[in-house]
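Visitor: Pasting a predicted model and its sequence here:
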Amino acid sequence: MSNDSAEPQHDEQEQPSVTDVARRARAAEDLPLPDRADAFSGLHDELRTRLESGGTASA
């Protein structure tokens, strides 16, 4: 049985889950350096937008 009930439920289309962010960060680590920089920049921009819009962040 998973521990999903311990995390707040969010509309996944609106906000990616913590595991999705972690998966994307791990995938970016495997890219060549120029592509890695672009991937992390995109992830950073998305997270910044979520924080600035008052979205909840769970870590």
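Guide: Done, it's in.
Visitor: Every contact and neighbour count from this point should use C-alpha atoms.
Guide: Noted.
Visitor: For the chain, which segments count as helices?
Guide: Secondary structure of the chain (DSSP state H): helices located at 18-29, 33-52.
Visitor: Now tabulate the ones you listed in CSV and tack on mean neighbour count and mean pLDDT.
Guide: Formatted as CSV, these follow (neighbours: other Cα atoms under 10 Å; pLDDT from 0 to 100):
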stretch, mean neighbour count, mean pLDDT
helix 18-29, 13, 90
helix 33-52, 13, 92
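Visitor: wait, what's in contact with residue 38?
Guide: Under the criterion of Cα atoms under 8 Å, 6 or more residues apart in numbering, residue 38 has no neighbours.
Visitor: What separation do you get for it and residue 54?
Guide: With distances taken as Cα to Cα, to the nearest Å, residue 38 is found 25 Å from residue 54.
Visitor: Likewise for residue 39?
Guide: Counting by Cα to Cα, the gap from residue 39 to residue 54 is 23 Å.
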